[in-house]
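A.B. asks: Sharing a sequence plus its predicted fold:
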Amino acid sequence: MTQSRISYNANGAGLPLPDVFEKHIAKINPRWLLIMENIGMCRDYAKKFPNTNIIARNWSLTGGDENVYSRLTPQQWLDARLNEATDGIWLYTANEAGINVKWDLELMNLIVSKNLKQVKLVLGNPSVGTPAIADWTNEDKREWFKMLDAHRDQFVLGIHEYFCGIAPSGFVGGYPDGSWMDGRTNLHANYEDRRNWPKDASIIGQLWHCGRIMSVNAAARQFNIMPPRIVITEHGADDLADMHGWLAKFQPSGNRPNIRAWKTLTNLWAKLLPTLSPEQAYFENISYLDESVYKHFPNVEAQLIYTWTSSNDWKDFDLSEASQFQMLLETYVANNVPTPPTIPPVTPPVPPPTIPPVKTVTLPLTVLAGLRQNLQGSIDIHARFIVQSTALMKDLTDELSVIDALIRQAIET
């Protein structure tokens, strides 16, 4: 069965519509799934869905894993969470706190030195736009990339990537309409028109919101290291500060104070994607990014949409009651059957024709030209009137190649 790259970052504390969620997960058969604040549910799902990598996020461990780097040493963190590392569950380390290379390396080395094969980590999870692209090539990340590569079965990199309003926000640079806050215009095609969205966005240059992972891959290659396994642990639509000038053109829906998550984008999508319902428009953006960006990077294994939750703080992000979106995703997964690999023929290849050596040519150029004219005439006759004589045509063509080679040598000498 096809496995979906598109999946969820779900809040397991008071998960709404748990039966709907479980049935939906069974249908999309995701590669990865993140469950926050419910280790029991993580273990249950790890057994029910053995082909899915389950990530356990323990937000309450330090009163918010955004400050885990400053609150716990790597040894303290490992001691606190070691008992969660069962049933193949992956452990989420930090959230939107940048990349702390020293802390990560100390934790990874602890796990490797103790031969804790059951402990698997999703490291990093920095917010959109962080760290700066140039920071990925800082020398201190060389050893960090090495560890991520040397222990790919235990360590993956988590990244957050959101778009703002429409999927191509952050493509190329500037606002989606091709303008920028400094007054420039026509920086690129107007992405407010759906017809202008690039079919393959991976080839248009550095992407700044969704697709920013290009900078991670480029940095790893600069160190001559294979790019790490990556999971987009938070994905979807959100407010991004560099887009505020463009967002001012639209009114947030539902009397919200600003445009952020998908439920605040109804008015914007009504103008830019007018034939689609809000859930259809959201899916259009998500599936477009899967096809045009992420599938072109094999080391990106999943995009986990934020979120499925009962939390009032994140109600505008919640997809638990978005039945149309869920159905579209299920259909998308069912129709995205991988193309089977092409099996090469067993028969040995036919060797190319052997062209006789031409080093000892002594014929005058006029004679060669005459021979060529006669051969070309024979070929023309066969091409017109003796179509069936393919074998003879091939012989004559091979002879013509020999004569051409002789003429070239005669001219050169």
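C.D. replies: Now that the structure is in, tell me what you want to look at.
A.B. asks: so residue 332, which of the three states?
C.D. replies: helix (DSSP: H, G, I helix; E, B strand; the rest coil).
A.B. asks: For burial, what's the neighbour tally of it?
C.D. replies: Residue neighbour count, defined by other CB atoms under 10 Å, stands at 18 for residue 332. Heads up, the C-betas are built off the backbone N, CA and C, glycines and all.
A.B. asks: which one is it nearest to, not counting chain neighbours?
C.D. replies: In space, residue 332 comes closest to residue 287 once its chain neighbours are excluded; the distance is 5.7 Å by CB to CB, 6 or more residues apart in numbering.
A.B. asks: What does the pLDDT read for the one you found?
C.D. replies: We have a pLDDT of 98 for residue 287.
A.B. asks: quick one, what contacts it?
C.D. replies: With contact set as CB atoms under 8 Å, 6 or more residues apart in numbering, residue 287 has these partners: 6, 328, 332.
A.B. asks: Same question for residue 129.
C.D. replies: By CB under 8 Å, 6+ apart, the contact set of residue 129 is 208-209, 212, 240, 242.
A.B. asks: could I get those residues as JSON lines with neighbour count, distance to residue 254 and secondary structure?
C.D. replies: Shown next, in JSON lines, are those (neighbours: other CB atoms under 10 Å; distance: CB to CB, whole Å; DSSP: H, G, I helix; E, B strand; the rest coil):
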{"residue": "208", "neighbour count": "20", "distance to residue 254": "28", "secondary structure": "coil"}
{"residue": "209", "neighbour count": "21", "distance to residue 254": "23", "secondary structure": "coil"}
{"residue": "212", "neighbour count": "20", "distance to residue 254": "29", "secondary structure": "coil"}
{"residue": "240", "neighbour count": "21", "distance to residue 254": "20", "secondary structure": "coil"}
{"residue": "242", "neighbour count": "18", "distance to residue 254": "24", "secondary structure": "helix"}
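A.B. asks: now those residues as JSON lines including pLDDT?
C.D. replies: As requested, the contacts of residue 129 are exported to JSON lines (pLDDT from 0 to 100):
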{"residue": "208", "pLDDT": "96"}
{"residue": "209", "pLDDT": "98"}
{"residue": "212", "pLDDT": "97"}
{"residue": "240", "pLDDT": "97"}
{"residue": "242", "pLDDT": "97"}
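A.B. asks: biggest separation within those residues, which pair?
C.D. replies: Within these, 212 and 242 form the most distant pair, 12.2 Å apart (CB to CB).
A.B. asks: now, among the contacts of residue 129, which is nearest to residue 175?
C.D. replies: Distance to residue 175, by CB to CB, is smallest for residue 242 among the contacts of residue 129, at 8.8 Å.
A.B. asks: Sort out which one of the contacts of residue 287 lies nearest residue 175 for me.
C.D. replies: In terms of CB to CB, no member of the contacts of residue 287 lies closer to residue 175 than residue 6, at 26.3 Å.
A.B. asks: That closest one: how many residues sit nearby?
C.D. replies: With other CB under 10 Å as criterion, residue 6 counts 24.
A.B. asks: So it versus residue 54, what's the distance?
C.D. replies: 16 Å (CB to CB, to the nearest Å).
A.B. asks: Repeat that for residue 10.
C.D. replies: For residue 10 relative to residue 54 (CB to CB), the value is 11 Å.
A.B. asks: what sits against the spatially closest residue to residue 151 that is not a sequence neighbour?
C.D. replies: Distance criterion CB to CB, 6+ apart; nearest residue to residue 151, sequence neighbours excluded, is residue 112 at 6.4 Å. Contacts for residue 112 were tallied using CB under 8 Å, 6+ apart; they are 147, 151, 154.
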